[in-house]
Each structure stands twice: as C-alpha cells, then as structure tokens.
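Peer 1: The following block contains a protein sequence and its predicted model.
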Amino acid sequence: MANPGPVEALREVAFWLERGRADTYRVRAYRRAADVVAGLTAEQRLSRQRTGGWTALPGLGAKTAAIVEQAMAGDVPEYLLELRDAAQPIGYGGTLQPALRGDLHVHSDWSDGGSPIDEMMHTAAALGHEYCALTDHSPRLTVANGLSAERLRDQLAVVHDLNLEMAPLRILTGIEVDILDDGALDQDSGLLDELDVVVASVHSHLRADRGEMTSRMLGAVRDPRVNVLGHCTGRLVEGKRGTRPESKFDAERVFQACRDHDVAIEINCRPERRDPPSRLIDLAVDVGCLFAIDTDAHAPGQLAWQGLGCERAIRCGVDVDRVVNTWPVDDLLAFTRAFAG
C-alpha cells in the first residue's frame with residue numbers, strides 16, 4: 001500500500017517488525033496503537049490531527065503518534081519507509097517460492113495466534129496467496145486455547161462469511177489436530193470430515209520411546225482425514241522457548257506410510273523449528289513423499305517466512321510438483337478431500 005491510512009500504516013509497521021523477528025513487545029505496541037486509532041470516528045481523528053493530541057490517547061507514544069500524524073497528512077510515514085527500504089528477501093526461494101499458491105498451516109487469535117482471522121487473511125492476500133488454510137489448535141492443547149468442536153463450528157461460520165468478502169482469496173477451513181498418545185486425532189471425526197485441510201502434529205510426550213512414537217504417528221498418518229504431517233520431530237533449535245531435541249521414531253516407516261496414504265510432509269518454515277532436519281527431508285524425497293511448505297504463522301508478519309522453507313527444500317532436491325501448495329486450489333482440494341468423496 002503506497003499511501004496507507006493511519007491504522008493501515010501502524011499495522012504495516014507491525015508486519016515488517018514481525019517479518020524481521022522483532023521482540024513481541026515492540027510489535028504489540030504498534031498493533032495496540034492501531035486498535036486505538038481504529039476505534040475513533042473520522043471526526044475524532046480530524047480533531048486529534050488539528051490539536052496534535054495523539055499522545056493523549058492510551059497506547060500512543062511519540063513514535064506511534066508521528067506515524068499517525070504523517071499518515072493523516074497523506075504521507076507515507078518516515079519509519080514505515082525505512083522499514084520497507086530495509087526489508088531483504090527471507091531465505092532463498094529460487095523458482096520454488098514464486099510457484100507457491102498458498103499456506104496450509106496458519107493460526108489466529110482463536111487459539112494461540114496474536115491476530116484476528118481477517119488480519120491474517122488480508123496479509124495472506126497482500127502477499128499474493130491464492131488460498132490460505134486456517135489451522136488453529138485442537139482442544140487437548142489447552143495451553144494454546146485449542147478449539148472445542150463447538151468453537152470450531154463457530155469458526156467455520158466466520159470463515160464462510162469472510163470468504164464471501166475476500167474473494168479471490170480462498171480461506172480454507174482447517175485445523176492443526178493433536179495426535180493423541182494412541183495415534184487417534186483430537187477432534188470429532190465427523191467435524192474433521194467437513195474441513196478442507198487437516199494438519200496432524202504431536203505436541204505432547206515428545207520424549208516417548210522410539211517404538212511408541214512410531215506407532216502413534218503411524219496411527220495418525222493412516223487416518224484418511226489427515227492431509228499433512230506437521231513439524232514431525234518437534235525439535236526446537238533456537239528461540240525464547242529454548243532448544244528441544246528431536247523426537248525418536250522410525251522415519252522411514254512413517255514416511256512410507258505418508259506416501260502410501262497421501263499425507264504430505266510439512267517443511268515447517270519457523271526459524272526456531274527448521275523441521276524436519278535436512279537428513280529427514282532427504283529421506284522423504286527418496287521415499288517418494290509429497291511436501292507442504294508451511295509457515296506455521298502465529299502473526300501476520302510470519303506469513304512472509306515461506307522463503308526459509310523453500311531454501312531448505314531446494315537444498316534437498318524437492319521437486320516443485322511434489323509440493324502440494326504449489327497446486328491450483330481445485331487440485332489441492334481434490335487431494336485433501338479425497339476421503340470425503
């Protein structure tokens with residue numbers, strides 16, 4: 001957006017800061033300021049602009065007030081121009097990143113994301129996505145405010161209405177469903193049948209022994225409702241949560257099951273995950289698996305991280321046509337909804 005309004009300018013600043021992995025408190029300051037300004041009427045904004053009273057509003061300091069004043073004057077705020085000019089490509093996407101049509105693993109503030117669905121999806125559209133799957137967490141993951149069946153049904157209604165507003169972007173209904181200890185999925189099976197995309201991930205008991213974890217993952221992969229195996233090792237290699245070793249499982253057996261049951265292996269783009277490790281991407285290529293290059297975004301700026309996954313996929317020789325989110329939406333849905341008929 002060349003000359004954004006004050007709310008849009010503040011949110012774009014937050015986007016660039018998130019994209020660059022700035023501290024959360026900095027990003028929240030701009031989003032909080034955007035919410036305050038968004039709550040003002042046009043007349044109230046003009047009055048503040050005449051009197052220079054922006055800093056009297058809660059949540060607006062000198063820096064955010066300057067952005068609002070400059071945007072209200074019809075200019076692109078200086079700080080926003082600085083962030084735009086300083087932005088560099090994230091990762092090496094080669095010919096793979098331009099081929100991506102969407103993202104199949106995205107969170108909103110309905111679970112543990114930081115922004116509303118519409119803001120996430122408007123950002124996806126601005127990035128050029130043709131489709132984007134909303135995949136908030138399932139109920140067992142209470143620490144992430146996972147969605148009960150009732151809340152998920154409420155969310156489906158919201159997505160239906162947003163799709164009417166946001167065409168040509170297609171918001172795909174989905175979930176990141178927890179893989180339970182016995183390999184079952186943490187959501188009503190009938191409700192899972194209604195979704196466009198089901199990402200299945202392990203989030204608990206990550207230190208289970210190799211045999212137990214293998215059995216657990218095989219149970220999920222063999223469920224015909226599952227489309228993507230999310231961040232399969234659960235590792236963390238950096239970041240504020242610290243590091244975490246890989247879960248132990250028979251990767252060859254699990255990947256063969258993914259191949260045989262049409263489940264894509266997720267190449268997770270989050271910098272702290274880089275999951276799977278490169279050796280396992282190599283194995284999945286050799287086995288003949290499909291892949292999904294997903295951001296696992298929990299904030300709008302993180303939707304720009306796909307280049308990180310593309311770079312790893314390119315290094316490991318992943319062919320473009322084996323990445324399911326390079327496919328047109330009708331082909332993708334034929335793949336993900338095959339069980340539903």
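Peer 2: Sure thing, it's come through.
Peer 1: Please confirm that Gln187 is located within a helix.
Peer 2: No: checked against DSSP: H, G, I helix; E, B strand; the rest coil, Gln187 lies outside a helix; its state is coil.
Peer 1: what number of residues lie near Ser189?
Peer 2: 10 (other CB atoms under 10 Å). Any C-beta I mention is one placed from the backbone N, CA and C, and that applies to glycine too.
Peer 1: whoops, Arg84 was the one
Peer 2: By other CB under 10 Å, 12 other residues sit near Arg84.
Peer 1: what's the helix or strand for it?
Peer 2: helix 78-86 (DSSP states H and E).
Peer 1: Tell me which residues of that helix come out buried.
Peer 2: Going by neighbour count (16 or more other CB atoms under 10 Å), the buried part of helix 78-86 is Tyr79, Leu80, Leu83.
Peer 1: Check stretch 101-111 too.
Peer 2: Under 16+ other CB under 10 Å, the buried positions of stretch 101-111 are Arg101, Gly102, Asp103, Leu104, His105, Val106, His107, Ser108, Asp109, Trp110, Ser111.
Peer 1: Give me the three-state assignment for the third one.
Peer 2: Under the three-state scheme (three-state DSSP), the conformation of Asp103 reads as strand.
Peer 1: All the strands of the stretch 1-150 of the chain, residue numbers only.
Peer 2: 102-106, 131-134 (DSSP state E, counting those that start in this stretch).
Peer 1: Output the ones you listed in CSV, with mean pLDDT and distance to Cys258 appended to each entry.
Peer 2: Formatted as CSV, these follow (pLDDT from 0 to 100; distance: least, CB to CB, whole Å):
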stretch, mean pLDDT, distance to Cys258
strand 102-106, 98, 15
strand 131-134, 98, 18
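Peer 1: May I see those arranged in JSON lines, with distance to Gly61 as well?
Peer 2: Putting those into JSON lines (distance: least, CB to CB, whole Å) gives the following:
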{"stretch": "strand 102-106", "distance to Gly61": "31"}
{"stretch": "strand 131-134", "distance to Gly61": "33"}
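Peer 1: So for Arg312, which of those sits nearest?
Peer 2: Closest approach to Arg312 among the strands of the stretch 1-150 of the chain (CB to CB): strand 102-106, 15.3 Å.
Peer 1: what comes into contact with the closest one?
Peer 2: 113, 120, 124, 129-135, 170, 172, 174, 176, 197, 199, 227-228, 230, 266, 268, 292, 294-297, 303, 306, 324-325, 329, 332 (CB atoms under 8 Å, 6 or more residues apart in numbering).
Peer 1: can we see that at 6 Å?
Peer 2: The contact list for strand 102-106, computed with CB atoms under 6 Å, 6 or more residues apart in numbering, reads 129-135, 197, 199, 228, 292, 294-297, 325.
Peer 1: could you dump that strand to CSV, C-alpha only?
Peer 2: In CSV, the C-alpha atoms belonging to strand 102-106 read as follows (Å, rounded to 0.1, in the frame of the first residue of the first chain):
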residue,chain,number,x,y,z
GLY,A,102,-0.8,-20.6,-0.5
ASP,A,103,0.0,-21.7,3.0
LEU,A,104,-1.6,-24.7,4.7
HIS,A,105,-0.7,-24.0,8.4
VAL,A,106,-1.7,-20.7,9.9
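Peer 1: from the chain's centre, how far out does that strand sit?
Peer 2: How far strand 102-106 lies from its chain's middle: 5 Å, per CA atoms, centre = their mean, to the nearest Å.
Peer 1: Retrieve the pLDDT associated with Arg273.
Peer 2: At Arg273 the predicted local confidence, pLDDT, stands at 96.
Peer 1: Enumerate every residue touching it.
Peer 2: Contacts of Arg273 (CB under 6 Å, 6+ apart): His231.
Peer 1: Just the strands from the stretch 151-300 of the chain, written as ranges.
Peer 2: 170-178, 197-201, 228-229, 264-268, 291-294.
Peer 1: And these: which comes nearest Leu96?
Peer 2: The nearest among the strands of the stretch 151-300 of the chain, by CB to CB, is strand 291-294 at 7.6 Å.
Peer 1: Residues contacting that closest one, please?
Peer 2: 103-105, 228, 264-267, 306, 309-310, 318, 322-325.
Peer 1: Compare the residues you listed and tell me which is most surrounded.
Peer 2: Most surrounded of those: other CB under 10 Å gives Gly309, at 32 neighbours.
Peer 1: Secondary structure of it: a helix, I assume?
Peer 2: Yes: Gly309 sits within a helix when classified using three-state DSSP.
Peer 1: top helix in this protein by residue count?
Peer 2: helix 149-166 (DSSP state H).
Peer 1: In this structure, where is pLDDT below threshold?
Peer 2: 1-2, 340-341 (pLDDT under 70).
Peer 1: Give me the domain ranges for it.
Peer 2: 6-86, 96-336 (automatic domain parsing).
Peer 1: Endpoint to endpoint, the last one covers what distance?
Peer 2: With CA to CA, to the nearest Å as the measure, domain 96-336 spans 21 Å from end to end.
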